[in-house]
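Asks: quick one: sequence plus predicted model below, questions after.
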Amino acid sequence: MLDLILQTSANAIIASSFTAIFAVGLVLIFGIAKVVNFAHGELYMAGAYTVWFLYSENNVPFPIAVFMAIVVAVLIGLFMEVALFRWKRGDELGGLILSVGMLMVLQVAAIHLFGQGLMKNVTTPLKGSLQVFGMQNFNIPYQRLLVFGVAGVSLILLWLLLQKTRTGWALRACADDPEAAALQGISINRFALIAMGISAAMAGVGGAMMAPLVQVDPTMGHAVIINGLIVIIVGGVGSISGAVLAAVLFSFFHTFVTTFAGGIYADIFGMIIMLLILVAKPTGIMGTHAKV
């Protein structure tokens, strides 16, 4: 039993790191452009498909495939910002509708390019696992450790960008008060583009790193976008620190309930807990609306 609890805890920690980088990307674009990007899951899907196509089908080295996955996701994200979201800035419903439309377009494009039916499998570049404390049933695959490491580095770099650089200060100013930021000479369009690029990069690297651990298919973004929305709502819409905290809490809860009761119960109770938190504290755990 101890082995199972430790193994589940390790799985939850690794899951929380991925959930955090995905949710933080959602928070960032909402903070600047005030758009709930439902197509964020499809940027994750685009990153996974890029790794499958380059690494599994064409033998491109895994690090290069991951880099190209980020590039593909960022290019799609920048297109979405310039062609869609920029014209609906401040119109949250309009932006949401456009993102749902983009979600469908990207899914159809994936089906057209790569086919529908058989899921794509990506061979892990890091085979084997780490046996912890010499326990036979407590093993962490090296690929999962890599996901945790990349996610952790990504979050640290984002924190340093937002807290220690002029670009980060400008991004936070745009999120806090766009009108005041514009009066100070900060280009909202420019920094919305930067925010979208960072957001898309987070989704792309998440999809690229998770591709060897999941089955790649056109609808793989559905589950992660639902979990991501739960996390940012519980954490406090617009709060990056709230998203990270909620990602950890949600991942531990979901992983343990899935392990000991089943995935269906984890989904049901996860939604119930989200509703209870919102009833008790409508602004979420961190209590902010549009602040990064």
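Replies: Yep, that arrived.
Asks: C-alpha only now, for contacts and for neighbours.
Replies: Will do.
Asks: helix or strand: which one has the most centrally placed residue in the chain?
Replies: By C-alpha atoms, centre = their mean, the chain has its centre lying nearest to residue 22, at 1.2 Å. Element membership for residue 22, per DSSP states H and E: helix 2-33.
Asks: run through the neighbouring helices and strands of the helix or strand following that helix.
Replies: As assigned by DSSP H and E, the chain's next helix or strand after helix 2-33 is helix 40-51. Packing partners of helix 40-51 (3 or more C-alpha pairs under 8 Å, 6 or more residues apart in numbering; DSSP states H and E): helix 62-83, helix 92-114, helix 188-210, helix 221-235.
Asks: for the helix or strand just after the shortest one, give the mean pLDDT please.
Replies: Downstream of helix 221-235, the first helix or strand assigned by DSSP H and E is helix 240-260. Here helix 240-260 scores 89 as its mean pLDDT.
Asks: what about the helix or strand just after helix 240-260, distance to the chain center?
Replies: Downstream of helix 240-260, the first helix or strand assigned by DSSP H and E is helix 263-280. Mean C-alpha position of helix 263-280 versus that of the full chain (C-alpha atoms, centre = their mean, to the nearest Å) differs by 20 Å.
Asks: for helix 263-280, which residues meet the burial criterion?
Replies: 266, 270, 274-275, 277-278 (16 or more other C-alpha atoms under 10 Å).
Asks: what's the closest of those to residue 123?
Replies: Closest approach to residue 123 among the buried residues of helix 263-280 (C-alpha to C-alpha): residue 266, at 28.4 Å.
Asks: residues contacting the closest one?
Replies: 253-255, 257-258 (C-alpha atoms under 8 Å, 6 or more residues apart in numbering).
Asks: distance check, it against residue 57.
Replies: 35 Å (C-alpha to C-alpha, to the nearest Å).
Asks: do the same with residue 261
Replies: In terms of C-alpha to C-alpha, residue 261 sits 37 Å off from residue 57.
Asks: which non-adjacent residue is nearest residue 106?
Replies: Distances taken as C-alpha to C-alpha, 6 or more residues apart in numbering place residue 42 nearest to residue 106, at 6.5 Å, with adjacent residues excluded.
Asks: residue 61 now?
Replies: residue 55 (6.1 Å).
Asks: number of nearby residues for the residue nearest to residue 106?
Replies: 31 (other C-alpha atoms under 10 Å).
Asks: wait, it sits on residue 103?
Replies: Yes: Residue 42 lies in contact with residue 103 (C-alpha atoms under 8 Å); the separation is 6.2 Å.
Asks: any idea which of the helices and strands packed on helix 40-51 is most buried?
Replies: helix 188-210 (a mean of 26; mean count of other C-alpha atoms under 10 Å).
Asks: gap between that one and the chain center?
Replies: Worked out by C-alpha atoms, centre = their mean, helix 188-210 lies 10 Å from the chain centre.
Asks: next: stretch 152-171.
Replies: So, by C-alpha atoms, centre = their mean, the centroid of stretch 152-171 is 17 Å from its chain's centroid.
Asks: then it to PDB, C-alphas only?
Replies: Provided in PDB are the C-alpha atoms of stretch 152-171 (Å, rounded to 0.1, in the frame of the first residue of the first chain):
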ATOM      1  CA  GLY A 152       9.500  23.300 -14.000                       C
ATOM      2  CA  VAL A 153      12.100  25.200 -16.100                       C
ATOM      3  CA  SER A 154       9.300  26.700 -18.200                       C
ATOM      4  CA  LEU A 155       7.400  28.000 -15.200                       C
ATOM      5  CA  ILE A 156      10.600  29.500 -13.600                       C
ATOM      6  CA  LEU A 157      11.500  31.200 -16.900                       C
ATOM      7  CA  LEU A 158       8.000  32.700 -17.100                       C
ATOM      8  CA  TRP A 159       8.200  33.900 -13.500                       C
ATOM      9  CA  LEU A 160      11.600  35.500 -14.200                       C
ATOM     10  CA  LEU A 161      10.200  37.200 -17.400                       C
ATOM     11  CA  LEU A 162       7.100  38.600 -15.600                       C
ATOM     12  CA  GLN A 163       8.900  39.700 -12.400                       C
ATOM     13  CA  LYS A 164      12.400  40.700 -13.600                       C
ATOM     14  CA  THR A 165      12.200  42.200 -17.100                       C
ATOM     15  CA  ARG A 166      10.700  45.300 -18.700                       C
ATOM     16  CA  THR A 167       8.700  43.100 -21.000                       C
ATOM     17  CA  GLY A 168       7.200  41.300 -18.100                       C
ATOM     18  CA  TRP A 169       6.300  44.500 -16.300                       C
ATOM     19  CA  ALA A 170       4.600  45.800 -19.500                       C
ATOM     20  CA  LEU A 171       2.700  42.500 -19.800                       C
END
